[in-house]
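**Student:** The following block contains a protein sequence and its predicted model.
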Amino acid sequence: MVIHLRFIFISIVAFVAGVTFFAASAQEQAEFSELRVLIEINSTDGDVGFHTLIDGDGWEEVTIRDPEGEKIYTVKGFGSVDEQGLTENFFESAEPSCDEVPLAEFLDRFPAGEYVFSGKTGEGGQLEGQAVLTHDLPRAPVNLAPTGDGIDAGNPVTISWTEGSDLGNCPPGGATIGEPELFGYQIVVEREDPEPVVVFSAELPPDATGVTIPPEFLFADAIYKYEVIAIEQQGDEETEITKGNQTISEDFFCTFVETPEDPCELPE
C-alpha cells in the first residue's frame, strides 16, 4: 500500500513538473504582434528622423539593438504602469535638418539591417522579434495641387500629385540610396486654422495620383495643410508585405464659400 501511494505521489509530481515546463515553454514563445523601424524624410522641410513601433499584448519592458548589436532604446513601465502592463509604444527621434545632419551621416547613424527587439511579459515570459531597416527611400511626390485657384468649401476638393525623382530638400549627398518598391501613398489633410485640428486621412495604392476630399470635411475661411506620403514596401506575397520608409511632401490651401472676400495668407 505504501508503495502504491508513493507511486501516485511521484506521478503527480511528474505531472505538475510537466505542466510547469509546458507553461514556461508557452511563455518563451510569446511574440510581438507588430514591429517596425523606418526612416521618415520630409522633402519639403528638408529634415529626417528615425521612427519605431512596438506592439504586443501585456509586456513590461523592451530593448532594441541595431544590426551591430548596440543597444539604442529601452522602454519600461514603473509603478501603476508596470502593474497594468503595456501593449504599444511608438517613438520618433528628433528630426534635424538635412543641412545640420547630412543624409549620409544620418544613414551611418542608423545602419541598414535587422533590428532586434527583446523584452519580457508581465508573466515573466520572454519576447523576441526583429524588424528590418533599409536605405531604400521613396522619391518625394511632386506637383502637389488641389483643384482650381481657390477652394470652395461647398464643393469636393481634389488633391493631386505625380511621382518624383529625388528626395526634395534632403539630398543624398554621398549616401547610397536604394530604389524601393512602393507600398502606396498616404494622404493626410489637417485643418490648422481655426482650431481645433480636424484630420482627414486615406491610404491609396501605388498607382494613385489623386484623392477627393468630401465637402463634409471642409469649413469656410479655414487653412489646411496636406501631406502626400510615399511609403516603401518591404517583403512580398511569399513572405509578408509590410510598410517601410516614408517620404513626405506637403503644402497648404485655404477655403471660402461662394466667393473669396480676401485672399488668405498661407504659411510659408
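**Tutor:** Thanks, I have the structure now. Residues are numbered from 1 along each chain as shown.
**Student:** Confirm residue 108 sits in a helix?
**Tutor:** Yes. According to DSSP: H, G, I helix; E, B strand; the rest coil, residue 108 belongs to a helix.
**Student:** ok, it to residue 230 distance?
**Tutor:** Residue 108 sits 23 Å away from residue 230, going by Cβ to Cβ, to the nearest Å. Bear in mind the C-beta positions are built from the backbone N, C-alpha and C, glycine included.
**Student:** go on, residue 178?
**Tutor:** Per Cβ to Cβ, residue 178 is found 14 Å from residue 230.
**Student:** which one of the two has more residues nearby?
**Tutor:** The residue with more neighbours, out of residue 178 and residue 230, is residue 230; 26 against 11, by other Cβ atoms under 10 Å.
**Student:** Now do the buried residues in the helix or strand hosting that one.
**Tutor:** Using DSSP states H and E, residue 230 falls within strand 223-234. Across strand 223-234, burial judged by 16 or more other Cβ atoms under 10 Å covers 223-234.
**Student:** wait, which of those is closest to residue 255?
**Tutor:** residue 224 (7.2 Å; Cβ to Cβ).
**Student:** give me every residue that touches the closest one.
**Tutor:** Going by Cβ atoms under 8 Å, 6 or more residues apart in numbering, residue 224 touches 189-192, 252-255.
**Student:** same question, residue 190
**Tutor:** Residues in contact with residue 190 (Cβ under 8 Å, 6+ apart) are 197-200, 224-226.
**Student:** Is residue 97 in contact with residue 47, as I believe?
**Tutor:** Yes. With contacts counted by Cβ atoms under 8 Å, residue 97 reaches residue 47, the gap being 5.0 Å.
**Student:** quick one on the thing from earlier: can you lay out the contacts of residue 224 as TSV showing pLDDT and secondary structure?
**Tutor:** Converted to TSV, these look like this (pLDDT from 0 to 100; DSSP: H, G, I helix; E, B strand; the rest coil):
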residue	pLDDT	secondary structure
189	96	strand
190	96	strand
191	93	strand
192	89	strand
252	93	strand
253	91	strand
254	88	strand
255	87	strand
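**Student:** Pull out the buried residues from the longest strand along the chain.
**Tutor:** As assigned by DSSP state E, the longest strand anywhere in the chain is strand 47-65. Going by neighbour count (16+ other Cβ under 10 Å), the buried part of strand 47-65 is 47-54, 56, 59-62, 64-65.
**Student:** got any ranges where the stretch 1-150 of the chain has weak pLDDT?
**Tutor:** Where the stretch 1-150 of the chain drops to pLDDT under 70, the residues are 1-29, 147-150.
**Student:** the strands in the chain, which residues?
**Tutor:** Applying DSSP E to the chain gives strands spanning 34-42, 47-65, 71-76, 86-92, 113-121, 126-133, 142-146, 151-152, 157-162, 181-193, 198-204, 210-213, 223-234, 242-256.
**Student:** Ok, which of those strands comes nearest residue 174?
**Tutor:** Among the strands of the chain, strand 47-65 comes nearest to residue 174, with 14.9 Å by Cβ to Cβ.
**Student:** elements contacting that closest one?
**Tutor:** Using 3 or more Cβ pairs under 8 Å, 6 or more residues apart in numbering; DSSP states H and E, the elements in contact with strand 47-65 are strand 34-42, strand 71-76, strand 86-92, strand 113-121, strand 126-133.
**Student:** Run the angle between that strand and strand 242-256 for me.
**Tutor:** Strand 47-65 and strand 242-256 are oriented at 140 degrees to each other (axes from the mean of the first three to the mean of the last three Cα atoms, to 10 degrees).
**Student:** quick check: angle from strand 47-65 to strand 34-42?
**Tutor:** For strand 47-65 against strand 34-42, the angle by the same axes, to 10 degrees is 160 degrees.
**Student:** and the angle for strand 47-65 with strand 71-76?
**Tutor:** In terms of direction (the same axes, to 10 degrees), strand 47-65 departs from strand 71-76 by 70 degrees.
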